[in-house]
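Enquirer: Make a model of this:
(one chain, ligands or ions: 2)
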Amino acid sequence: MAIENGITPNSSPTSVSSPTRITTIAEIGEHVDERITLRGWLYNLRASGKLLFPIFRDGSGTIQGVVPKAEVPERVFETLKSLTLESSLTVTGRVRADSRAPSGYELDVEDLTVIQRIPEETPYPIQLKEAGVDFLMEHRHLWIRTPRQSAILRVRATIMRAAAEFFDNRGYVRTDPPILTPNACEGTSELFEMEYFDEGKAYLTQSGQLYVEATAMALGRVYSFGPTFRAEKSKTRRHLTEFWMIEPEVTYMDLDGLMNLAECFLTHIVRRALELHAADLKIIGKDVTKLEAVIAGSAPNGCEDGREQRSGFPRLSYDQAHAMLIEAHQRGLLENAHRYGDDFGSPDETYLSSQFAKPVMVHRYPASVKAFYMQPDPLDPSKALCVDVLAPEGYGEIIGGSQRIDDFDLLRRRIEEHHLPLEAFEWYLDLRRYGSVPHSGFGMGIERCVAWICGLEHIRETIPFARTLHRIYP
Ligand code: 4AD
Ligand code: MG
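Expert: Residues are numbered from 1 along each chain as shown. Ligands and ions are numbered 1, 2, ... in the order given. Here you go, the predicted structure:
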């Protein structure tokens, strides 16, 4: 299966002999009325009398070919007519602009070389008809070839790049925390545990936060970006056991500064997704006006810390959010009344986000429902200086963050109250022993963000190979 790079010699006997330029479907608009070669797969095939309409895909997109029997060599017509779906091939033809085509272009096929023909007896398992989700997840390694899944993965890649570039462009230093850790960060009930040689137990990290707090004290503004793990025993549309989190941590930043940062950050990501993925979002079926509303009013060049022009994400205190939920319950819009002091349930979050076009920032939750490291609100120490950002359209919490406790005695007391092993946190307490400063940070789960931006029912489609309670294959 030798594949040439650059120019294909097109050695088949019946082909038109001049060499052609190899390109991709994504770049085909630059080659209108030219002869080009694509390298990919047969995605679909429709026949109508003496006309064939193959759909080719090459990873960058799909394009329909047109193959009139009378105008191509007989070998090309016959080969294509009986070609099985997902067989690999290279195809040469002339690019034609066609406003009726979904991509805006069609390919008038002239020649074709099959790289691997899938035999009829062992057809490609995923046919274009509807297949059940369990079947699709079992064949995830193949499912990702379908245009919708490929489009989601392309948007995911852009979201990850946009998230990192937001911090890179602002002088943040990326510092990578360890994945094997001696202690818990976000509660002890969701830890993946293992024996670590003679050192006792080790755990897969739930968050890089504690380590980026240390690197922030060294470098000022930092972020981490990597896989994190939660042994979530619940089967929901929003939880994975392995997911990617990006976590900025900033010295001398308070909760207000953190909320500004989160707003600028999300605005940048949405802007990039809209700029680069109009076609993909259309394939996925996302209503982009919902995303345009998120960035409406924001400065096109993003914002700088301190003098940002923000678009105004609504900000609600926990108490205000609670009052809205009670009112919604009284008006019959919510089945269960929210209990003051409890965390918000998924229907509560959905209701709150449905009241606004932009992400909602809920701040100052009761400290009792939040992590041990959060700074108490000086105006009401029963509340934590924290923020959860709820995505629009009911996608739930995408960002969680807070100002951190900077006082040694208080932090130590909190570790004890949460029954965490002090020895494992001695290094973390050192950050408050030696030159402690106020600091804040947040974490955003990439997959929650992808689910929201792409408008996906379930988080399992946001990552190439999802890890959930009941699935670790393929
Ligand atoms: O709210 P969480 O638990 O916050 C932290 O881990 C902090 N230490 C972050 C920080 O301040 N540096 O998680 C942060 C985000 C959530 O808002 C959500 O987007 C995502 O991580 N997340 C999950 N995503 C998928 N599956 C799960 N099981 C997730 N748990 C959290
Ligand atoms: Mg959270």
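
Enquirer: Could you tell me how many residues sit around the residue nearest to residue 184 when sequence neighbours are not counted?
Expert: In this structure, residue 184 finds its nearest non-sequential neighbour in residue 191, 5.6 Å apart by CB to CB, 6 or more residues apart in numbering. Every C-beta, even on glycine, is put in place using the N, C-alpha and C of the backbone. Residues lying near residue 191 (other CB atoms under 10 Å) number 21.

Enquirer: In the stretch 201-350 of the chain, where is pLDDT below threshold?
Expert: 300-311 (pLDDT under 70).

Enquirer: Pop the domain breakdown of this protein in here.
Expert: 7-116, 138-462 (automatic domain parsing).

Enquirer: for ligand 1, what are the nearby residues on the stretch 301-450 of the chain?
Expert: 397-401, 441-445, 447-448 (CB under 6 Å from any ligand atom).

Enquirer: Tell me which two of those sit farthest apart.
Expert: Between any two of these, the greatest separation by CB to CB is 19.5 Å, found for 441 and 447.

Enquirer: So what's the residue count around the residue in the stretch 251-400 of the chain positioned nearest to ligand 1?
Expert: Taking CB to the nearest ligand atom, ligand 1 has its nearest neighbour within the stretch 251-400 of the chain at residue 400, 2.4 Å off. The tally of other residues near residue 400 (other CB under 10 Å) stands at 22.

Enquirer: Excluding chain neighbours, give the residue nearest to it in space.
Expert: Using CB to CB, 6+ apart, the closest residue to residue 400 is residue 388 (5.3 Å).

Enquirer: is it true that that neighbour touches residue 369?
Expert: No. Contact criterion CB atoms under 8 Å: residue 388 and residue 369 do not qualify, at 10.5 Å.

Enquirer: Neighbour count for the two, which is higher?
Expert: Per other CB under 10 Å, whichever of residue 388 and residue 369 has more neighbours is residue 388, with 24 against 13.

Enquirer: Next up, the contacts around the more buried one.
Expert: The neighbours of residue 388, taking CB atoms under 8 Å, 6 or more residues apart in numbering as the test, are 361-363, 365, 397, 399-400.

Enquirer: Could you report the neighbour count for the residue of the stretch 51-200 of the chain found nearest ligand 1?
Expert: Nearest to ligand 1 in the stretch 51-200 of the chain, going by CB to the nearest ligand atom, is residue 186, at a distance of 4.6 Å. The tally of other residues near residue 186 (other CB under 10 Å) stands at 19.

Enquirer: what helix or strand is residue 429 on?
Expert: Here residue 429, judged by DSSP states H and E, is contained in helix 426-433.

Enquirer: Now do the helix or strand just after that helix: distance to the chain's middle.
Expert: Next in sequence after helix 426-433, counting helices and strands by DSSP H and E, comes strand 439-445. Put simply, strand 439-445 sits 17 Å off its chain's centre (CA atoms, centre = their mean, to the nearest Å).

Enquirer: Okay, angle between strand 439-445 and helix 426-433 too, please.
Expert: With axes from the mean of the first three to the mean of the last three CA atoms, to 10 degrees defining the directions, strand 439-445 sits at 140 degrees from helix 426-433.

Enquirer: residues in contact with the next helix-or-strand element following strand 439-445?
Expert: Sequence-wise, the next helix or strand downstream of strand 439-445 (DSSP H and E) is helix 446-454. With CB under 8 Å, 6+ apart as the test, helix 446-454 has contacts from 152, 155-156, 159-160, 163, 238, 240, 243-246, 269-270, 273, 281, 284, 286, 291, 391-393, 395-398, 456, 458-459, 461-463.

Enquirer: and helix 446-454 with strand 439-445, angle?
Expert: Orientation check (the same axes, to 10 degrees): helix 446-454 against strand 439-445 gives 60 degrees.

Enquirer: Would it be right to say that residue 289 lies in a helix?
Expert: Yes. Assessed with DSSP: H, G, I helix; E, B strand; the rest coil, residue 289 lies in a helix.

Enquirer: What is the neighbour count of it?
Expert: Neighbourhood size, residue 289 [other CB under 10 Å]: 9.

Enquirer: ok, it to residue 393 distance?
Expert: Separation of residue 289 from residue 393 (CB to CB, to the nearest Å): 12 Å.

Enquirer: Could you do residue 335 as well?
Expert: In terms of CB to CB, residue 335 sits 20 Å off from residue 393.

Enquirer: between these two, which one's more packed in?
Expert: In terms of neighbours (other CB under 10 Å), residue 393 is the more surrounded of residue 335 and residue 393; the figures are 15 against 8.

Enquirer: Which strand or helix spans that one?
Expert: Residue-wise, residue 393 maps onto no helix or strand under DSSP H and E.

Enquirer: need the contact list for it.
Expert: Each residue near residue 393 by CB under 8 Å, 6+ apart is listed here: 290, 353-354, 452, 455.

Enquirer: ok so, going back, so for the residue of the stretch 251-400 of the chain closest to ligand 1, what's the pLDDT?
Expert: You'll see residue 400 listed with a pLDDT of 98.
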